[in-house]
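[1] below are the sequence and a predicted model; questions follow.
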Amino acid sequence: MTVTRGQIDRARVAEIGAREEAEYRRRTPKSAALFERAQDAMPLGVASSFQAYDPYPLFMTDARGSRIWDADGNEYVDFDMAFGVLAAGHSHPILAEALQRRVANGTCYTFPVEDGIALAEEIKARFGADLVRFSNSGTEATMDAIRVARGYTGREKIVKFEGGYHGHHDDVLVSIQPPRDAMGPDDQPATVPASAGIPRSRIAETVVAPFNEPEVLAAILEAHRGEIAAMIVEPVQFNIGVVPPEPGFLERLRELADEHGIMLIFDEVKTGVVLAYGGAVEYFGVQPDLLCLAKSIGGGVPIGAFGGRADVMLAIEGGDPDAGAPIASFDGSDRSELTSTIAYVPNRVAHLGTFNGNPLSMAAGLATLTRILTKDAYPKLHALADQLTAGCQAVLDEYELPGYAINVGPKGCVMFTPERVTNYRDFIGLDSELWTAFFFYLANRGILLPPGPDDQWTLSVQHTEEEVERHVAVFREFATELTA
Ligand SMILES: Cc1ncc(COP(=O)(O)O)c(C=O)c1O
């Protein structure tokens, strides 16, 4: 669908962008000084390269509810919510109390705890998963799920979708936002590494497909018949703004996975317990073989999880004794003399981690899921998000700006492009200069968005209608100035 819009004045965009960046520098001298110091301690001055942006990131000191404060004491209504981690909001009192109790009683045992069983049971119930394992991040969850799928199927290749992000391990750190001249033809996207240091041999096993193009995908799977272990997908592409699946796309993935014996993995790191009580599985009504969780399930504490079909997850035990067929052995060697947990069973898929299921994360996850993000939290989250999207769309319409507002559940954004984006190749057309002016304009007026057009706002149970109205009002001021 094309949205017809008036032209915007490029000189005006540049002028507002420069003025607002200067204002940002004026308001945040302590962040500038901390950034200066940080550069001598960490590459790019940050702990994760995602935190770096020009001219320097805000350094934060405090956050409560929907509010966050930077080192200069500036207060923001936080619509970033830690890249979507905080559907529960900052330091929810229920979570804070559960964590305080846990901190006083030991935070790491490397022995299992009952909270871990309860949290696994909660995830099973929400997502229709038979079995669950924990990790410490989304990266670990997708890495582990892919290994289980490979161990279960005995195949090595995987499919990922162009524009999708699944964490920073080698298998999937490809074709995230590939440059135009490297990305290959529409019907045969190239596998483009998104980092130096990734061996070519490693990513030779990763096949890239376009999102929302079921027929192209069918042809790609046919070309690799019998070779693909897993197809990993963000049910909504939330790392290129907001790109929902076209009607029927996820259902088609399910059919194609069944036809080819491929494990369908939903990467629900951003969607899980945010879009709905049962994440994208509930929201779209499509059941994957495996799913990956992180971010929101911990309420702000590091955590990851993956789970799914019993027969597939039992690859971690060495196979389902009731299923008859053993899990595919990777080399068939006799390891009976070896005693380590990893090597002892030849067909067993290793899933390991010192901090997996640690008492702190388990307490956080349990409090978040069973006492904060309960079923009755979702109508409010959806209503607030619809209010924000409708408000932003009204501004775009009134001022005829080239863009549209979109949300899926409590996550949304303004996409500054007149064309509806259905996959990464459309996303490249986004007006990043306009977006940057918009980001600084809002930040300088106390509305904090994630620092890049590839992310989106996330609402929490602690946001209010008034805060959403304020966000819309500041956007209206921006539009007024832009078109004056
Ligand atoms: C969809 C998706 N999968 C995986 C990850 C990786 O999660 P983490 O940063 O916790 O490793 C992210 C992070 O943004 C993500 O958005």
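    Looks like it came in fine.

[2] show me what counts as buried in stretch 202-209.
    In terms of neighbour count (16 or more other C-beta atoms under 10 Å), stretch 202-209 has its buried residues at Ile203, Glu205, Thr206, Val207, Val208, Ala209. All C-beta spots, glycine's among them, are computed from the backbone N, C-alpha and C.

[3] now what about it, what contacts it?
    156-162, 170-172, 174-175, 189-193, 216-217, 220, 224, 228 (C-beta atoms under 8 Å, 6 or more residues apart in numbering).

[4] just these: which are in helices?
    Members of those lying in helices (criterion: DSSP state H): Val216, Leu217, Ile220.

[5] sorry, back to before: now the buried residues of stretch 202-209 in a markdown table, with pLDDT?
    Formatted as a markdown table, the buried residues of stretch 202-209 follow (pLDDT from 0 to 100):
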| residue | pLDDT |
| --- | --- |
| Ile203 | 92 |
| Glu205 | 97 |
| Thr206 | 98 |
| Val207 | 98 |
| Val208 | 98 |
| Ala209 | 98 |
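
[6] which of the residues you listed lies closest to the ligand?
    Nearest to the ligand, judged by C-beta to the nearest ligand atom, of those is Thr206 at 15.0 Å.

[7] give me the neighbour count for Ile240.
    26 (other C-beta atoms under 10 Å).

[8] where does the residue lying closest to Thr271 once chain neighbours are set aside sit: helix, strand or coil?
    Once flanking residues are discounted, Thr271 sits nearest to Ala280: 4.2 Å by C-beta to C-beta, 6 or more residues apart in numbering. Counting by DSSP: H, G, I helix; E, B strand; the rest coil, the backbone at Ala280 sits in helix.

[9] from the ligand, how far out is Ala280?
    Between Ala280 and the ligand the computed distance is 11 Å (C-beta to the nearest ligand atom, to the nearest Å).

[10] for the ligand, what's its nearest residue on the protein.
    For the chain, C-beta to the nearest ligand atom, closest residue to the ligand: Gly138, 2.3 Å.

[11] what does that residue show for phi and psi?
    phi -70, psi -40 (degrees, to the nearest 10).

[12] for the chain, which residue occupies the most central location?
    For the chain, Lys270 is the residue whose C-alpha lies nearest the centre (C-alpha atoms, centre = their mean; 3.5 Å).

[13] residues contacting that residue?
    Contacts of Lys270 (C-beta under 8 Å, 6+ apart): Gly84, Glu234, Val236, Phe238, Asn239, Lys295, Lys411.

[14] among these, the buried ones, what's the PyMOL command?
    Applying 16+ other C-beta under 10 Å to the contacts of Lys270, the buried members can be selected in PyMOL as follows:
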select buried, resi 84+234+236+238+239+295+411
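
[15] so which of the contacts of Lys270 also contact the ligand?
    Glu234, Asn239 (C-beta under 6 Å from any ligand atom).

[16] can you tell me how far Leu430 is from Gln177?
    11 Å (C-beta to C-beta, to the nearest Å).

[17] same question, Gly89
    30 Å.

[18] correct me if wrong: Met313 contacts Leu131.
    Yes - the criterion here is C-beta atoms under 8 Å, and Met313 meets it with Leu131 at 3.9 Å.

[19] what touches both of the two?
    With C-beta under 8 Å, 6+ apart as the test, Met313 and Leu131 both reach Gly307.

[20] higher neighbour count, the two?
    A count of neighbours by other C-beta under 10 Å puts Met313 above the other of Met313 and Leu131, at 24 against 18.
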